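[1] Kindly generate the corresponding structure for this input.
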Amino acid sequence: MTRDGLLLDSNLLLILIAGALGRWYFTQFKKAAGFVYEDAQQLSRIVQQFPRLVTTPSVLAETSNLGGYTSPVLAIAFRRALRRWLSKQDERQLSGVSVTSHDVYETLGFTDASLALLADTRTTVLTVDYRLYEYLTSRGLTCLNFNHLREIVGS
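    Down below sits the predicted model:
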C-alpha cells in the first residue's frame, strides 16, 4: 500500500517552519530547544518524500502559538512562513465534540487526539510525542517517532 500523506505534530511543524527560515532564525526560537538546525534539515528531507502533507486547525493553532515565543519581529516572520506553508497543504478538521467524545482525548489531549483520529492506513504520522507514537503503533497504524530517527543519524 502506498503512503500518500504525512501528518506532523505541532512541535515538528514548528521545527520545519523555523528551519525553513534559516540557521540563525532557528536558534532564536525558544520552543525549538532540544533540537538543532540539522534536525530541521533532516525533517525537511523526510517531508519531501511524501506527496502531500495533512494538518489540522489545532496543530496550526499550537504551532502558531509556539512560534510566538521569540521576538515580535521573528514571530511575524514565522507566522508568515507558516501561512505560506499552509497554502500548499491539505487541512482536515474534526469537530470538538467528535474529538472529545473519544477515550483517546482523555489520554492524549485535544491536538494529539485529533491526529490519532485522522490517522489511517494510508497516512503516516510523524511525532516526537511518545504517547501518540505508542497509541498509534499499538493499533497497527504507521507512526514514526522523530526522536528515533534522530538517534539513527546521530543528531
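[2] and the closest residue to residue 136 other than its chain neighbours, how many neighbours?
    Among residues not flanking residue 136 along the chain, residue 143 sits closest, at 3.8 Å (C-beta to C-beta, 6 or more residues apart in numbering). Every C-beta, even on glycine, is put in place using the N, C-alpha and C of the backbone. Residues near residue 143, counting by other C-beta atoms under 10 Å, number 23.
[3] What's the per-residue pLDDT of residue 143 here?
    Note on residue 143: pLDDT of 95.
[4] Give me the contacts around the longest helix seen in the chain.
    Counting residues, the longest helix found in the chain (DSSP state H) is helix 72-86. Residues outside helix 72-86 that contact it (C-beta atoms under 8 Å, 6 or more residues apart in numbering): 13, 16-18, 20-21, 25, 28-29, 55, 60, 63-64, 67-70.
[5] The same query, at a cut-off of 10 Å, please.
    The contact list for helix 72-86, computed with C-beta atoms under 10 Å, 6 or more residues apart in numbering, reads 13-14, 16-22, 24-25, 28-29, 53, 55, 60, 63-71.
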